[in-house]
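A.B. asks: coords please:
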Amino acid sequence: MDFSFTEEQIMMKDMARKFAETEMWPVVGEYDDKHIWPEDIYKKLNETGLDCIGVPEEFGGAGIDFLGQALVTEELARGDLGLATGVVASTLLATDPIHIAANDEQKSRWFTKMLEGGKLAAFCLTEPGAGSDVGGMSTSCKKTDGGYILNGTKCFITNGGIANQYTVFATLDKKMGVKGICCFMVDRESEGLSVGKTENKLGIRLSNTAEVVFDNVFVPAENRLGEEGTGWMTCMKTLDYSRPMIAALAVGCAQGAYDHAVEYSKMRVQFGKPISSFQAVQFMLADACMEIEAGRLLYQKACWLKMNSQPFSQASSVAKGYCGDMAMRVTTDMVQVFGGYGYTKDYPVEKYMRDAKILQIYEGTSQVQRMVVAANLLKGLR
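C.D. replies: Numbers count the residues shown, from 1 in each chain. From the prediction side, this is the model:
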């Protein structure tokens, strides 16, 4: 077993940590209050190349490996989970179907556009009536001359209102269930595509979350990813790819709250002593440290399995399920370390706690992860 990182992984991780501390921490509270996507921070991130960690080297990207992507993801989430969510949704989640199902010409078009001045992408799967139940989607793709006509509404779409390109899942016929699902590359400028309601969220308020509406949107046949009816498999593979990254986001969020709490515990004096000297506080910090480290090892194991061409679906769900719950526990306890001050916006831990809740919901709820894990166990898979 080898737990060391390559020089490139260390360099990218350090770059992301420095960016989080110098560019994100000083201003994320203001953007959180305003509930807006921080375009100026993202522009600076684009200058580092960290916003396109999912672009392969042959298409102009840095060619960062899967574990390196996760390490960058963790560090950005330590800075702010909302901004990190927007980055991951663009360069990884929305782009994973391209890696999985696109041909070389489609990849060239997608990645070229992504590298044009820091363009964002969005992954359009969830609908008002189809969340965990992917097979229940209603967005339709009707065949026509030269392509397809898309109709329907997607909701809770990260980057939905600010993306320039979308990977969209739609069904040829709802009666076909998962066998009718197709995946498409759709341009923001497509006639009939519009942005609906922008969500006012509890946490990750730096990220843009909106409805995307398709009203007789024509999509050329050359923009379909894979064969007809293979969209569901593309989606399932995409979620396997993305769940270690969500686990990394969770670890980063928990680590950020933990780091702030450790420093505060050394400075806050009660009964004539720093509260870090009290066993009750020490145990909360120690428990948080153990949970964060366990979560970090889980997502890194999932990454290692994928990079070594071994089955990693189960490891992905284990990591995502555990780390999402872990981040909620840790951030809540770190608010407790701050006491009453932790409940105010004068300190950043309340934001970490609000942000953490989404980690138990998006990319498959904690309950869905348990369903996946249990199903695999009963099949004899590990």
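A.B. asks: going forward, measure contacts between C-alpha atoms and count neighbours the same way
C.D. replies: Noted.
A.B. asks: and the residue nearest to Met245 when sequence neighbours are not counted, how many neighbours?
C.D. replies: For Met245, ignoring the flanking residues on the chain, the nearest one in space by Cα to Cα, 6 or more residues apart in numbering is Ala70 at 5.5 Å. Other residues near Ala70 come to 27 when the count uses other Cα atoms under 10 Å.
A.B. asks: residue contacts, Ala70?
C.D. replies: If a contact means Cα atoms under 8 Å, 6 or more residues apart in numbering, then Ala70 has Pro244, Met245, Ala248, Gln300, Cys303 as its contacts.
A.B. asks: ok, the closest residue to Lys143 other than its chain neighbours - how many residues close by?
C.D. replies: Distances taken as Cα to Cα, 6+ apart place Ile149 nearest to Lys143, at 6.5 Å, with adjacent residues excluded. Neighbour count of Ile149, defined by other Cα under 10 Å: 17.
A.B. asks: hmm, Ile149 is touching Arg224, no?
C.D. replies: No - applying Cα atoms under 8 Å, one finds Ile149 not in contact with Arg224, separated by 11.8 Å.
A.B. asks: hey, C-alpha coordinates of the helix or strand where the residue nearest to Lys143 lies in CSV?
C.D. replies: Assessed by DSSP states H and E, Ile149 sits inside strand 147-158. Extracted C-alpha coordinates of strand 147-158, given in CSV (Å, rounded to 0.1, in the frame of the first residue of the first chain):
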residue,chain,number,x,y,z
GLY,A,147,-32.0,15.4,-34.9
TYR,A,148,-34.3,15.6,-32.0
ILE,A,149,-36.8,18.0,-30.4
LEU,A,150,-36.5,18.4,-26.6
ASN,A,151,-39.3,19.4,-24.4
GLY,A,152,-39.4,19.5,-20.6
THR,A,153,-38.0,21.2,-17.5
LYS,A,154,-35.0,20.3,-15.4
CYS,A,155,-34.7,21.6,-11.8
PHE,A,156,-32.0,22.0,-9.1
ILE,A,157,-29.4,22.3,-11.9
THR,A,158,-26.0,23.6,-10.6
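A.B. asks: I'd like the next helix or strand past that strand.
C.D. replies: Note on strand 147-158: by DSSP H and E, the next helix or strand toward the C-terminus is strand 165-171.
A.B. asks: residues contacting that next one, please?
C.D. replies: Contact partners of strand 165-171, identified using Cα under 8 Å, 6+ apart, comprise 94-95, 97, 120-125, 137-141, 150, 180-188, 231.
A.B. asks: out of those, list just those in helices.
C.D. replies: When the contacts of strand 165-171 are checked against helices (DSSP state H), the matches are Pro97, Gly231.
A.B. asks: check what pLDDT Val134 gets.
C.D. replies: pLDDT for Val134: 87.
A.B. asks: do you know how far it is from Val213?
C.D. replies: Per Cα to Cα, to the nearest Å, Val134 is found 18 Å from Val213.
A.B. asks: one step back: partners of the strand holding Ile149, with directions?
C.D. replies: Here strand 147-158 is paired, per DSSP bridges, with strand 140-144 (antiparallel), strand 209-220 (antiparallel).
A.B. asks: which one of the ones you listed lies closest to Val368?
C.D. replies: Counting by Cα to Cα, Val368 lies closest to strand 209-220 out of these; the figure is 21.6 Å.
A.B. asks: just the mean pLDDT for the closest one, thanks.
C.D. replies: 98.
A.B. asks: what's the closest non-adjacent residue to Ser190?
C.D. replies: Val217 (6.6 Å).
A.B. asks: please enumerate the helices of the chain.
C.D. replies: Taking DSSP H to define them, one finds helices in the chain at 7-19, 28-34, 39-48, 66-79, 81-88, 96-101, 104-114, 231-267, 279-307, 313-338, 349-356, 366-378.
A.B. asks: now mean pLDDT and distance to Gly160 too, for the ones you listed, in CSV please.
C.D. replies: Listed next are these as CSV, based on pLDDT from 0 to 100; distance: least, Cα to Cα, whole Å:
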stretch, mean pLDDT, distance to Gly160
helix 7-19, 98, 25
helix 28-34, 97, 18
helix 39-48, 95, 15
helix 66-79, 98, 20
helix 81-88, 98, 10
helix 96-101, 98, 17
helix 104-114, 96, 15
helix 231-267, 98, 18
helix 279-307, 98, 27
helix 313-338, 98, 23
helix 349-356, 98, 19
helix 366-378, 96, 24
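A.B. asks: cheers, nothing more for now.
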